[in-house]
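S.K.: structure here, sequence nowhere to be found:
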């Protein structure tokens, strides 16, 4: 059997994440979303979105990329939320039988205001 291989990034809140004033946290979230939007524009995101009601509250989001794990780690070292210590990127390769998963266009907000205005995450 032939396989497709993708890279999965789980964005996780570390237990020692720094606390930020609300306005700073909002600016950081916007910068994080803008980083993701830039990756989407470059064709580097197959799927992405936040977790809703996870069993582990530290789990924040999921991203699937068409690049290798080392490149994914590099891309997420540049994520403002990762640089600020608010998120950690956990990276793994994922194999599925060839052609069993198909991806369409990835809509993603570039700011929290845009995310709140629509149903981008549904």
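M.R.: Cool, the structure landed. Computed from a prediction, not measured in an experiment: that's the story for all the values here. Residues are numbered from 1 along each chain as shown.
S.K.: need the helices for this protein, in chain order.
M.R.: Ranges of helices within the chain are 22-41, 69-77, 80-83, 112-117, based on DSSP state H.
S.K.: the first one packs against which elements?
M.R.: By that I understand helix 22-41. Other elements packing on helix 22-41 under the criterion 3 or more Cβ pairs under 8 Å, 6 or more residues apart in numbering; DSSP states H and E are helix 80-83, helix 112-117. (C-beta placed from N, C-alpha, C; glycine too.)
S.K.: at 10 Å what do you get?
M.R.: The contact analysis (3 or more Cβ pairs under 10 Å, 6 or more residues apart in numbering; DSSP states H and E) places helix 22-41 against strand 47-50, strand 59-65, helix 69-77, helix 80-83, helix 112-117.
S.K.: relative to residue 89, which of the ones you listed is closest?
M.R.: Set against residue 89 and scored by Cβ to Cβ, the helices and strands packed on helix 22-41 come closest in helix 69-77, at 3.6 Å.
S.K.: could you give me the average pLDDT of that closest one?
M.R.: If you average the pLDDT over helix 69-77, you get 96.
S.K.: between strand 59-65 and it, find me the angle.
M.R.: 130 degrees (axes from the mean of the first three to the mean of the last three Cα atoms, to 10 degrees).
S.K.: can you tell me what sits against helix 69-77?
M.R.: Residues outside helix 69-77 that contact it (Cβ atoms under 10 Å, 6 or more residues apart in numbering) are 5-9, 11, 35-36, 38-39, 42, 44-45, 63-68, 82-83, 87-93.
S.K.: report the central residue of this structure.
M.R.: Centroid-nearest residue in the chain: residue 63, 4.2 Å away (criterion: Cα atoms, centre = their mean).
S.K.: distance of that one from residue 36?
M.R.: Distance of residue 63 to residue 36, computed by Cβ to Cβ, to the nearest Å: 7 Å.
S.K.: figure out which of the helices and strands packed on helix 22-41 is closest to residue 16.
M.R.: Nearest of those to residue 16, taken as Cβ to Cβ: helix 80-83 at 13.8 Å.
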